[in-house]
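J.: could you look at this predicted model? Sequence included:
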Amino acid sequence: METFEPEIDWPERARREWLAGSLTRQPYHSYQYVLGVGGALAVRDRLDAGTLDPETYRSFLGSTGRLPSTELFEQIGLDIERTEPYERASTAFEESLDLL
């Protein structure tokens, strides 16, 4: 049996409420989020610059979840214990706010 579900028109502010609620979901959620964004930006920059080859990146992706994050990022030459990846992420967020 199928039921008709009419489209819901969410108010503009409701579209972002999930962002705030998810920050309290898990004790290390913020750490995981910042680590992921910092790592993703560094990987993208290195792929664009040609300093990270796609095969090494594929190998990195294939081993996620098997090693601690610090060791995984070391495989692609990224030291996440330094400040640079997080400063890069902070700059990217500031630049995106300027576009709003």
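T.: All right, it came through fine.

J.: in which helix or strand does the spatially closest residue to residue 52 that is not a sequence neighbour reside?
T.: Leaving aside its chain neighbours, residue 52 sits nearest to residue 46 (3.6 Å; criterion: CB to CB, 6 or more residues apart in numbering). Every C-beta, even on glycine, is put in place using the N, C-alpha and C of the backbone. Counting by DSSP states H and E, the element that carries residue 46 is helix 29-49.

J.: what is the rounded mean pLDDT of the helix or strand just after that helix?
T.: Using DSSP H and E, the helix or strand that directly follows helix 29-49 along the chain is helix 54-62. Helix 54-62 carries an average pLDDT of 90.

J.: so who does the closest residue to residue 59 other than its chain neighbours touch?
T.: Nearest non-adjacent residue to residue 59, counting by CB to CB, 6+ apart: residue 75, 7.2 Å away. Contact analysis of residue 75 by CB atoms under 8 Å, 6 or more residues apart in numbering lists 56, 59, 60, 63.
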